[in-house]
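1. Compute the structure for the input listed below.
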Amino acid sequence: MRYELNRLMLMASYAHSTIQDYHNDNVELITTALDALPAITGADALADALRLDDAVTEYYALGAEYRHGPWRASMELAYLDSQANLFLPYIGGYAGLSRRFDDVTLFGIVSHAKTTRDPATVNAPLVPPLLSEYVQRTLNAVQSDQKTVSLGARWDLRTHLALKLQWDRTWVEENKAYLWGRDSEQTPARALNTFTLSMDFVF
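-> Prediction:
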């Protein structure tokens, strides 16, 4: 939904979805081992906690944009609601400011995204300790908390062709690097630099 009033534009969106046919080799190894244990151990409940099929998510977003001559300011706040243990709910938002100089636009953006619920805790004393540890590590691995500052420039080379250069400085909290590639759920707090050069075109 969008509403415009002079230089101001307000936006709102909602999406409802159901996850189907989720597949992850590592998760399936764990659930296969859990399914092989007797029901009295409570392993079936742990296996169900690692499944995403039929999980329902709801996404809400509110945004605004204000334009004044060559200046443009924008912001958005979003929330994703999920009851799945491997897809935790999260909240995120950004604010940006840009200034156009003829064919070149300079811009800056600040953003923050984090999961809003702690991971589930394994409570199955009859399940082998090593297997319980793997389950807990899998549940812990989906936490996210990061802040980013971005600076960039866009050059409109042609009507339907643009070149964009962007630098991102991201601060990721300890053990909350779900949005990044990693070898373990245990990750140190760190800052990362990302440089992007891209060309956008419409045909």
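2. any idea how far the most centrally placed residue in the chain is from residue 12?
-> Geometric centre of the chain, nearest residue: residue 179, 6.0 Å, by C-alpha atoms, centre = their mean. Distance of residue 179 to residue 12, given as C-beta to C-beta, to the nearest Å: 25 Å. The way it works is simple: take the backbone N, C-alpha and C, and place the C-beta from them, glycine included.
3. What of residue 6?
-> In terms of C-beta to C-beta, residue 6 sits 19 Å off from residue 12.
4. Please say which of the two ends up with more neighbours.
-> Using other C-beta atoms under 10 Å as the criterion, residue 6 and residue 12 rank with residue 12 on top: 12 against 7.
5. Roughly how far does residue 52 sit from residue 184?
-> According to C-beta to C-beta, residue 52 stands 21 Å off from residue 184.
6. Look at those two and report which has more neighbours.
-> Legend: neighbour count by other C-beta under 10 Å for residue 52 and residue 184, higher for residue 52 (18 against 10).
7. Leaving out chain neighbours, which residue sits closest to the more buried one?
-> Nearest non-adjacent residue to residue 52, counting by C-beta to C-beta, 6 or more residues apart in numbering: residue 22, 3.9 Å away.
8. so who does the one you found touch?
-> Residues counted as contacts of residue 22 (C-beta atoms under 8 Å, 6 or more residues apart in numbering) are 51-53, 55.
9. and the lengthiest strand in the chain, what does it pack onto?
-> The residue-count maximum for a strand in the chain (DSSP state E) belongs to strand 161-177. With contacts taken as 3 or more C-beta pairs under 8 Å, 6 or more residues apart in numbering; DSSP states H and E, strand 161-177 sits against strand 104-115, strand 144-158, strand 190-201.
10. thinking again about what came up before, and the residue nearest to residue 52, helix, strand or coil?
-> Look at residue 22: counting by DSSP: H, G, I helix; E, B strand; the rest coil, its state is coil.
11. Residue 69: how many residues sit nearby?
-> 8.
12. try residue 98
-> Number of residues near residue 98 (other C-beta under 10 Å) recorded here: 18.
13. Mean neighbour count and mean pLDDT added to the helices and strands packed on strand 161-177, as JSON lines?
-> Formatted as JSON lines, those follow (neighbours: other C-beta atoms under 10 Å; pLDDT from 0 to 100):
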{"stretch": "strand 104-115", "mean neighbour count": "16", "mean pLDDT": "97"}
{"stretch": "strand 144-158", "mean neighbour count": "16", "mean pLDDT": "96"}
{"stretch": "strand 190-201", "mean neighbour count": "10", "mean pLDDT": "94"}
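14. Understood, closing this out.
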